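Engineer: have a look; sequence and predicted model below, questions after that.
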Amino acid sequence: MASSFGNFFRRSLRRSGRRGGKEEVSAAENNPSRVPQGKPGERSSILYSAGQFFFEYLVVVSLKKTSDGHYEPKITYQFPKRENLLKGQKEEEERLLQAIPLFCFPDGNNWAPVTQFSSETFSFVLTNVDGSRKIGYCRRLLPSGRGVRLPEVFCIISCLGCFGLFSKILDEVEKRRQISMAVIYPFMQGLRESPFPAPGKTVTIKSFIPESGTELIELTRPVDAHLEHVEFQVLLERLSPQLILHIFASAVLERRLIFLAQGLSVLSQCIHAVAALLYPFTWAHTYIPVVPECLLDTVCCPTPFMVGIQMRHLEQVLDQPMEEALIVDLCEGKILRAVGDEEEILPIKLQNEMLTSLNRHNNNNNVHTSEQVNALVSEAFVQFFVRMVGHYASHIKWSKNGSGTFQERAFCKAITSKTNRKFVKKFVKTNMFSLFIEEAEKSRIPQEAYFQQKISEYHEQKKHRRDS
């Protein structure tokens with residue numbers, strides 16, 4: 001069954017998009033850096049919308065013994081059970097439910113019952129053929145009981161991105177699991193009936209627990225919505241600022257990136273953090289925070305990808321006939337394989353400024369909360385994009401019917417620094433920049449309000465320096 005799942009996901013890695021009303025060909029058939037592979041505006045419309053359901057499904061995935069003595073992950077509980085679906089909806093649900101077990105137990109089928117197991121939290125991303133994404137938030141734990149047991153995974157499927165919030169929800173699910181599966185249902189039902197809060201807002205869930213009474217659980221979204229799916233601290237604990245900049249440079253040019261670690265939590269959190277460094281742009285190519293064992297040949301893909309692989313598969317990965325890729329060891333904090341030009345991609349002046357900012361954080365590592373770390377790290381990378389491409393809006397020519405056309409040549413020519421212009425000429429050819437500009441051409445109302453705020457602040461500061 002794993003092979004059929006694998007075939008489905010290999011097909012789903014080829015996503016199509018439209019530009020100017022013309023259907024684009026597969027990334028495998030054209031220059032991959034120019035093919036939009038996700039929905040324009042994906043970050044805003046899918047990951048951060050308020051008012052939606054918190055989640056689509058809660059499933060429990062358990063390990064069932066097969067005839068050959070191995071264990072295969074199977075869904076043993078699903079909430080809600082959806083009925084009266086149209087044919088297309090039913091097929092989509094079946095594909096989703098088939099895929100989930102594979103990503104809940106990506107480490108293969110060589111399991112054995114145990115008496116102790118440290119629970120771990122991780123997440124995965126499933127990309128549909130239309131480019132839309134669903135996130136699986138997972139808590140793998142050992143059920144309460146005596147004697148040897150097999151771990152199980154509680155997995156919440158949602159199209160909303162907020163790792164911290166869903167981690168808290170999984171804490172509540174795990175607490176109830178230790179009492180009874182029956183106690184989980186009313187909590188999840190209450191959650192499903194509550195709207196996803198706006199940034200900075202709180203939703204309160206009432207939940208009854210036997211012998212404890214009614215509990216009020218408050219779930220609050222961060223004020224800065226673009227940082228709610230990330231923990232930069234995890235990345236900083238494992239990699240030096242210099243290496244983080246090399247990884248950022250590779251990601252900005254949409255190269256192939258492979259991350260290696262022992263634990264699923266570290267892999268998924270570090271990859272989410274790297275993707276978040278690209279704000280206000282969105283990684284729109286193959287994105288698998290934890291690659292299941294049967295999909296390891298993903299690293300042979302000729303198009304860009306960002307994937308996480310467990311360290312025990314290192315030799316198998318290195319033996320694959322892959323093209324140039326950046327391979328990062330998150331256990332040892334080093335790069336195992338590189339293209340070789342990573343230090344030369346970013347303009348040196350801005351690179352040094354970002355390095356200084358990240359080092360300043362490292363020197364004060366213990367005095368910052370998680371939210372402060374996120375804000376400090378994000379600010380350094382947002383400022384990079386403000387200074388590189390913050391003038392994009394003044395190079396969109398608007399027609400009388402309200403549609404815009406980006407003037408790429410004039411945009412690049414407006415950059416006075418030769419080193420900055422050299423970088424930007426490469427960056428404008430990327431998929432992420434194309435998708436960003438496509439959205440900007442649709443409306444005079446700027447997208448990504450936080451980024452626009454930072455652009456305005458930068459121009460105000462420049463004006464103030466000139467006048468003083």
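Structural biologist: Looks like it came in fine. Computed from a predicted structure; not experimentally measured. Numbering: from 1, shown residues only.
Engineer: how far out from the middle of the chain is the helix or strand harbouring L257?
Structural biologist: Element membership of L257 [criterion: DSSP states H and E] is strand 256-261. Offset of strand 256-261 from its chain centre (Cα atoms, centre = their mean, to the nearest Å): 14 Å.
Engineer: swap in stretch 123-140?
Structural biologist: For stretch 123-140, the distance to the chain centre is 9 Å (Cα atoms, centre = their mean).
Engineer: try stretch 373-386
Structural biologist: Here the centre of stretch 373-386 is set off from its chain's centre by 17 Å, with Cα atoms, centre = their mean.
Engineer: so W111 is in contact with R149, correct?
Structural biologist: No. Counting by Cβ atoms under 8 Å, R149 is not a contact partner of W111; they are 11.0 Å apart. Every residue, glycine included, has its C-beta placed from N, CA and C.
Engineer: that older thread, each with direction, which strands does the strand holding L257 pair with?
Structural biologist: strand 305-310 (parallel), strand 326-329 (parallel) (DSSP bridges).
Engineer: between W111 and R149, what contacts are shared?
Structural biologist: Listed as contacting both W111 and R149 by Cβ atoms under 8 Å, 6 or more residues apart in numbering is no residue at all.
Engineer: please enumerate the strands of the stretch 151-300 of the chain.
Structural biologist: For the stretch 151-300 of the chain, the strands defined by DSSP state E, counting those that start in this stretch occupy 152-158, 202-209, 213-220, 256-261, 286-288.
Engineer: for Q89, find the nearest of those.
Structural biologist: strand 152-158 (14.7 Å; Cβ to Cβ).
Engineer: who's in contact with that closest one?
Structural biologist: 53-63, 73, 76, 96, 100, 104-105, 134-143, 166, 169-170, 173-174, 177.
Engineer: that strand: partners in the sheet, and parallel or antiparallel?
Structural biologist: strand 57-65 (antiparallel), strand 133-141 (antiparallel).
Engineer: what's the closest of the ones you listed to F305?
Structural biologist: Here strand 133-141 is closest among the strands paired with strand 152-158 (Cβ to Cβ), at 14.7 Å.
Engineer: state the mean pLDDT of the closest one.
Structural biologist: Strand 133-141 comes out with an average pLDDT of 92.
Engineer: buried stuff in that strand?
Structural biologist: Neighbour-count burial for strand 133-141 flags 133-141 (criterion: 16 or more other Cβ atoms under 10 Å).
Engineer: which residues sit against that strand?
Structural biologist: 38, 42, 46-47, 56, 96, 100, 103-104, 117, 119-128, 151-161, 163, 166-167, 169-170, 173-174, 177, 264.
Engineer: can you say which of the residues you listed are buried?
Structural biologist: Here, 16+ other Cβ under 10 Å leaves 38, 42, 46-47, 56, 96, 100, 103-104, 120-127, 151-161, 163, 166, 169-170, 173, 177, 264 buried among those.
Engineer: quick check: which ranges of this structure have low pLDDT?
Structural biologist: Along the chain, segments meeting pLDDT under 70 span 1-51, 129-131, 362-367, 468.
Engineer: if I look at the residue nearest to the spatial centre of it, how far off is Q316?
Structural biologist: Taking Cα atoms, centre = their mean as the criterion, H272 is the residue nearest the geometric centre of the chain, at 4.2 Å. According to Cβ to Cβ, to the nearest Å, H272 and Q316 sit 24 Å apart.
Engineer: if we can go back for a sec, what's the closest of the strands paired with strand 152-158 to R387?
Structural biologist: strand 133-141 (29.6 Å).
Engineer: report the distance from that closest one to the chain centre.
Structural biologist: On Cα atoms, centre = their mean, the centre of strand 133-141 falls 12 Å from that of its chain.
Engineer: what does stretch 438-451 give?
Structural biologist: Taking mean C-alpha positions (Cα atoms, centre = their mean), stretch 438-451 and its chain are 21 Å apart.
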